[in-house]
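Asker: quick one, what's the 3D model for this:
(one chain, ligands or ions: 1)
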Amino acid sequence: MFEDWPRVSARLKAAGHLGLFLDFDGTLAPLEARPEDVWLDRRTRRVLRRLARHRSVTLWIISGRRRADARKRVGVRGIHYAGLHGWERAGKTPLPRRVRRVLTDAKRQLAARLETLPGAWIEDKGLSFTFHYRGASNGTFRRARREVRKVSERFRPDLRVLPGKKVWEVLPAEVQGKGAAVLALVAQFPQPALAVYVGDDASDESAFRALPDGITVRVGRQRSTQARFRLRNPEEVREFLAKIVAELS
Ligand SMILES: [Mg+2]
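Answerer: Numbering: from 1, shown residues only. Next up is the predicted model:
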């Protein structure tokens, strides 16, 4: 990204309106073994505050977390927050009770089979649940993958499975993912608008694909990506955001 800065800078300066979409975990803050331990550092918060205050910037945090959780962890006013991969936004109608029931059934079935496996655990987000296998052996991983597949087949088409970094997330089919979310949000920006999207995970790829004319950035070392640019880690993301602030002022 930084070697291409003159080109990026020219596009930022030419943009009428800037729509900035940022993933949270692994993008704004480094990943931790447990999701509850991931917090934003002060310096990044300061840069976000400056961006959020800017008149020609609309700033969205698009997280796989629940909306309230993402908002609590970032804690900056003037930012828009979308949870559950962009599906959960302010004023969103709740999921039908039937879907919630299906989700609960699936979670119970999977928990009964997998919860006792060493190094693996299930995180309940209410409207989705995530199976974590960061600390699991290869044998555990293979067994878990088999069980997750079985459950996802049984509950298709009501539920879908989204793979991420050492996780599988089981979601209602209504949650279409970040690509669908950013398309809906971009349509609401004052035009002409330039979209910038920064994310670090497989779940961000649909957003990169949805924004072929945007500045899309994949964070981390993953080789194959649909994003145009790369940054190495959340520190470089902060540097990138600070450079945007400098370009706009
Ligand atoms: Mg992430």
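
Asker: CA atoms for contacts and neighbours, from now on please.
Answerer: Noted.

Asker: ok, now which ones touch Lys165?
Answerer: Lys165 is in contact with Asp201, Ala202, counting by C-alpha atoms under 8 Å, 6 or more residues apart in numbering.

Asker: what residues does this protein have near the ion?
Answerer: Asp25, Gly26, Asp200 (C-alpha under 5 Å from the ion).

Asker: which of these lies closest to Phe208?
Answerer: Lowest distance from Phe208 to the residues of the chain next to the ion (C-alpha to C-alpha) belongs to Asp200, with 10.8 Å.

Asker: can you tell me the closest non-neighbouring residue to that closest one?
Answerer: Excluding its sequence neighbours, the residue lying closest to Asp200 (C-alpha to C-alpha, 6 or more residues apart in numbering) is Val219, at 4.4 Å.

Asker: Ala112 versus that neighbour, what's the distance?
Answerer: Val219 sits 35 Å away from Ala112, going by C-alpha to C-alpha, to the nearest Å.

Asker: go on, Gln176?
Answerer: For Gln176 relative to Ala112 (C-alpha to C-alpha), the value is 27 Å.

Asker: higher neighbour count, those two?
Answerer: More neighbours surround Gln176 than the other of Gln176 and Ala112, with 16 against 10 (other C-alpha atoms under 10 Å).

Asker: name the helix or strand for that one, please.
Answerer: For Gln176, there is no enclosing helix or strand under DSSP states H and E.

Asker: now whichever strand or helix holds Arg145: mean pLDDT?
Answerer: For Arg145, the element it lies in under DSSP H and E is helix 138-154. Mean pLDDT, helix 138-154: 89.

Asker: and it, what other elements does it pack with?
Answerer: helix 97-114, strand 159-164 (3 or more C-alpha pairs under 8 Å, 6 or more residues apart in numbering; DSSP states H and E).

Asker: in the next helix or strand after the longest one, what counts as buried?
Answerer: Counting by DSSP H and E, the next helix or strand C-terminal to helix 97-114 is strand 121-124. Of all the residues in strand 121-124, those buried under the rule 16 or more other C-alpha atoms under 10 Å are Trp121, Ile122.

Asker: CA atoms of strand 121-124 as PDB?
Answerer: What follows is strand 121-124, C-alpha atoms only, in PDB (Å, rounded to 0.1, in the frame of the first residue of the first chain):
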ATOM      1  CA  TRP A 121     -14.800 -24.100  22.200                       C
ATOM      2  CA  ILE A 122     -18.000 -22.500  21.100                       C
ATOM      3  CA  GLU A 123     -18.700 -18.800  21.400                       C
ATOM      4  CA  ASP A 124     -22.400 -17.900  21.500                       C
END
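
Asker: great, nothing more from me.
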